[in-house]
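Undergrad: Return a 3D structure for these sequence lines:
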Amino acid sequence: MVLVNHLTVQFGGRTLFDDIIFTIGESDRIGLVGKNGAGKSTLLRIIAGTQRPESGEVRLPNDFTVGYLPQEMSSNYSNTVMEEAKKAFKEALLLNQKIHDTEDAIVKHHDHESEDAHRLINQLTDYTHRFDILGGNTMERDTERVLSGLGFPRSEFERKIATLSGGWQMRVELAKILLSRPDLILLDEPTNHLDIESIQWLENFLINYRGALILVSHDRKFLDNVTTRTIEISNGKIYDYKANYSRYVIMREEWLDLQMSRMKNQERERAQMERFVDRFRYKASKSKQVQSTIKRMDKLEQVELDEIDSKTIDFNFPPAPRSGKTVLEIKSLSKNFDDKHVLDNISLMIERGERIAFVGKNGEGKTTLLKIIAGKETYEGEMVEGYNMKMAYYAQQQAEHLDGDSTVLQLIESAAQGDARKNVRRILGAFLFSGDDVDKKVKVLSGGEKSRLALAKMLLEPVNFIVLDEPTNHLDMLSKEVLKQALLNFEGAMIVVSHDRDFLAGLTDRVIEFKDKKIREFIGDVYDFIEKKKEEESPVLKIPKKENATKIATQDKGISKKQEKQQQKKQRMIEKCEKEIQELEAKIKEIETVLSDAEQYQKAMKENNNIFNDYEITKQALGERMKEWEKMAG
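TA: Next up is the predicted model:
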């Protein structure tokens, strides 16, 4: 077990953590959440041992191993992808060399019956046994499996890492961590550089991983599927819930409602006591009761509401100028980078008001096509803009291209034209830049702040066609929800590239998959696309031949007895299900009674701090039993 003990950290004149304490169990799956700048990455660095706190410590067991993937990293690689990934088996590789050296020494030994020969043979046995425990015998296969799962085609295994983009280099580092099988894995936004298929593979890997995990991610679906515990950092404090992200949101809201109820009850009780004291303070016959009441007032524990950092961006896109029916038409378009063919003879039509998601593995041409549409790349073929088309383009690395030496205000003012200049401060305020924040140099902003600033620039002119390449990277949960709602309200056409399934869900009505230099269209949103892909990849169900079905139907010997037994079994299952439903309903009622009474709740929390978790699990179990009952009784 890992103990995070009384950590206090200050940064830039403010307190990130104030004396926080929590433990990490050997198989915990923890989602670390909070707004950008709350201190999530800092906490991971402290646990990983790459940063020291002002006070407090992290206690690790002896021989405890930690694998840490930061958001950003400096790279200096000379190896191939396969060579670098196999560094995860450092000890196994050293043992393999020792095994070969020992085998050579035994072969060269003249007297195989000597004491020295026996020593070498015993040594070889020890080396071989340890090599097997470390996974040395499956090292090649495991490395190929993990690299393939993270999106590397076999043709890239021998490619030099130095020639890869930062995102693909990050995948190699992630592969090394997964292959080294540490006791604790720390991942800081691992999905930022992964496509949907690789994210799903990583989910399955982490769900089945035996060690502990702490995960920072703004991908709600990823958190829900992988984690079973959520730690929120807010205003220097932590709030620990034994639940995944979606259940944590509900439990947090219920806890705040309960705090509010307790605070109101206490205020009501205190007011009654104060009225009693004021009324009978100077009556001798009531002096004892007055003194007793005053003592009770002094002993009342002050109920305080938790401070919740609820700031979030707040905006809507300006009304879209009306375009023609066809916004953009692409005909027989191809794109090559020297000898590398990226897009081959593709055609696509985008009409007014359409919402399209581009998906596919990294490197398949999604970003390239967006750059072509935005006029940032050359191409072969034909692309025709529709009548009165006005486009806004948000590049994947948009935030990195901002002028770092400008202030926030200067950057937006220089980009604003005409009447838009009047709205500069209002737009900045909507994206949480106010007061002294507008005078900050862009280069000192965090990744999330730069992303917000780049989005703010998009509001300076009304458009009817938005092209977005990974717009949610570096945005926190609340800001992502606001952006999604703004896009849902947007009246123009839209193309969005994103790997965030929760963000894409319900946002688009067409999905374009990029694969093997071609594109393929799916109608619906991202989950419709995923389901259709699963159907295509799953084996075809075998349907019984018609004559066999007819033969079975005509076999009526003993059929009445068989049906009777089945009916009796079904009735017993229904009765059992009804009994379980009654028990679950009684348990829910019992918990609700405790939650509605502050005194009972306090007592219950001391005895069992999982009461909210128990409540959610019981409600979920009741829902499942009800579905079973309806299915059996129907």
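
Undergrad: so where is the stretch 1-150 of the chain shaky, pLDDT-wise?
TA: 12, 74-75, 110-112 (pLDDT under 70).

Undergrad: all strands of it, in order?
TA: 2-11, 14-24, 29-33, 55-59, 66-69 (DSSP state E, counting those that start in this stretch).

Undergrad: just the CA coordinates of the shortest one, formatted as PDB?
TA: The one in question is strand 66-69. In PDB, the C-alpha atoms belonging to strand 66-69 read as follows (Å, rounded to 0.1, in the frame of the first residue of the first chain):
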ATOM      1  CA  VAL A  66       6.200   2.900 -10.400                       C
ATOM      2  CA  GLY A  67       5.600   3.500 -14.100                       C
ATOM      3  CA  TYR A  68       4.900   7.200 -15.000                       C
ATOM      4  CA  LEU A  69       3.700   8.600 -18.300                       C
END
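
Undergrad: Please renumber the chain so that the first residue is 655 from this point on.
TA: Okay, using 655 as the starting number, the last item reads as strand 720-723.

Undergrad: Not counting it itself, show me its contacts.
TA: 698-699, 701-704, 714, 824, 827-828, 830-832, 834, 836-842, 844 (CB atoms under 8 Å, 6 or more residues apart in numbering). For glycine as for every other residue, the C-beta is placed from the backbone atoms N, C-alpha and C.

Undergrad: mind listing which of the residues you listed are in helices?
TA: Filtering the contacts of strand 720-723 for membership in helices, criterion DSSP state H, returns 698-699, 701-702, 824, 827-828, 830-832, 834.

Undergrad: for these, which one is nearest H1153?
TA: H1153 lies nearest to M824 out of the ones in helices among the contacts of strand 720-723, by CB to CB, at 13.5 Å.

Undergrad: State the distance from that closest one to M1286.
TA: Distance of M824 to M1286, computed by CB to CB, to the nearest Å: 50 Å.

Undergrad: Give me the more crowded residue out of the two.
TA: M824 (23 against 14; other CB atoms under 10 Å).

Undergrad: okay, the closest residue to the more buried one other than its chain neighbours: pLDDT?
TA: Excluding the flanking residues, the one nearest M824 by CB to CB, 6 or more residues apart in numbering is H847, at 4.8 Å. Looking at H847, its pLDDT stands at 82.

Undergrad: Who are the contact partners of H847?
TA: Neighbouring residues of H847 by CB under 8 Å, 6+ apart: 820-822, 824-825, 1016.

Undergrad: which of those has the weakest pLDDT?
TA: Minimum pLDDT for those is recorded at G820 (80).

Undergrad: burial count for it?
TA: Residues near G820, counting by other CB under 10 Å: 11.

Undergrad: Switch the strands of the stretch 655-804 of the chain over to CSV; also include distance to N1042 and mean neighbour count.
TA: Compiled in CSV, the strands of the stretch 655-804 of the chain are given as follows (distance: least, CB to CB, whole Å; neighbours: other CB atoms under 10 Å):
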stretch, distance to N1042, mean neighbour count
strand 656-665, 48, 17
strand 668-678, 48, 17
strand 683-687, 43, 24
strand 709-713, 59, 14
strand 720-723, 46, 21
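
Undergrad: So which of the ones you listed is nearest C1231?
TA: strand 683-687 (31.0 Å).

Undergrad: tell me, how many neighbours does the closest residue in space to L698 that isn't next to it in sequence end up with?
TA: For L698, ignoring the flanking residues on the chain, the nearest one in space by CB to CB, 6+ apart is L840 at 4.8 Å. The tally of other residues near L840 (other CB under 10 Å) stands at 24.

Undergrad: Walk me through the domains of this structure.
TA: The chain breaks down by automatic domain parsing into domains covering 655-719+836-896, 903-953, 980-1191, 1219-1287.

Undergrad: Any chance of JSON lines for the ones you listed, columns distance to T756?
TA: JSON lines is the format used below for the domains of the chain (distance: least, CB to CB, whole Å):
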{"stretch": "domain 655-719+836-896", "distance to T756": "25"}
{"stretch": "domain 903-953", "distance to T756": "57"}
{"stretch": "domain 980-1191", "distance to T756": "44"}
{"stretch": "domain 1219-1287", "distance to T756": "54"}
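
Undergrad: Out of these, the one nearest N791 is which?
TA: Closest among those, once you apply CB to CB, is domain 655-719+836-896, at 19.0 Å.

Undergrad: distance between that closest one and the chain's centre?
TA: 12 Å (CA atoms, centre = their mean, to the nearest Å).

Undergrad: For the strands of the stretch 655-804 of the chain, give me TSV that also has distance to K1030.
TA: Output for those, formatted as TSV (distance: least, CB to CB, whole Å):
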stretch	distance to K1030
strand 656-665	37
strand 668-678	38
strand 683-687	35
strand 709-713	45
strand 720-723	30
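
Undergrad: can you tell which of those is closest to I1265?
TA: Of the strands of the stretch 655-804 of the chain, nearest to I1265 by CB to CB is strand 668-678, at 18.8 Å.

Undergrad: relative orientation of that closest one and strand 709-713 in degrees?
TA: Here the directions of strand 668-678 and strand 709-713 differ by 30 degrees (axes from the mean of the first three to the mean of the last three CA atoms, to 10 degrees).

Undergrad: so which of the contacts of H847 would you say is closest to L748?
TA: R825 (25.3 Å).

Undergrad: OK, contacts around that closest one?
TA: Contact analysis of R825 by CB under 8 Å, 6+ apart lists 804-806, 847-848, 852.

Undergrad: now do I678
TA: 655-658, 684, 838, 866, 868.

Undergrad: you'd agree T719 is up against P836?
TA: Yes: when contacts are counted by CB atoms under 8 Å, T719 is listed as touching P836 (4.1 Å).

Undergrad: So the two - more neighbours on which side?
TA: More crowded of T719 and P836, by other CB under 10 Å: P836, with 18 against 12.

Undergrad: That one and V656: what is the separation?
TA: Distance from P836 to V656, by CB to CB: 12 Å.

Undergrad: same thing with H1055?
TA: For H1055, the distance to V656 - CB to CB - is 40 Å.

Undergrad: What helices and strands are in contact with the helix or strand harbouring I1173?
TA: For I1173, the element it lies in under DSSP states H and E is strand 1172-1177. Here strand 1172-1177 touches strand 994-1005, strand 1164-1169, helix 1180-1191, going by 3 or more CB pairs under 8 Å, 6 or more residues apart in numbering; DSSP states H and E.

Undergrad: avg pLDDT for the second one?
TA: Taken as a whole, strand 1164-1169 has a mean pLDDT of 93.

Undergrad: residues of it that come out buried?
TA: Applying a neighbour-count criterion of 16 or more other CB atoms under 10 Å, the buried positions in strand 1164-1169 are 1164-1168.

Undergrad: strand partners of it, parallel vs antiparallel please.
TA: The pairing partners recorded for strand 1164-1169 under DSSP bridges are strand 1009-1013 (parallel), strand 1172-1177 (antiparallel).

Undergrad: tell me the helices in the stretch 905-1054 of the chain, going along the chain?
TA: Ranges of helices within the stretch 905-1054 of the chain are 941-953, 1020-1027, based on DSSP state H, counting those that start in this stretch.

Undergrad: The ones you listed: which one's closest to E745?
TA: Going by CB to CB, the one of those nearest E745 is helix 1020-1027, 39.3 Å.

Undergrad: related to what we said a few turns ago, adding mean pLDDT, mean neighbour count and distance to K891, write the helices of the stretch 905-1054 of the chain out as CSV.
TA: Listed next are the helices of the stretch 905-1054 of the chain as CSV, based on pLDDT from 0 to 100; neighbours: other CB atoms under 10 Å; distance: least, CB to CB, whole Å:
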stretch, mean pLDDT, mean neighbour count, distance to K891
helix 941-953, 77, 12, 25
helix 1020-1027, 93, 22, 40
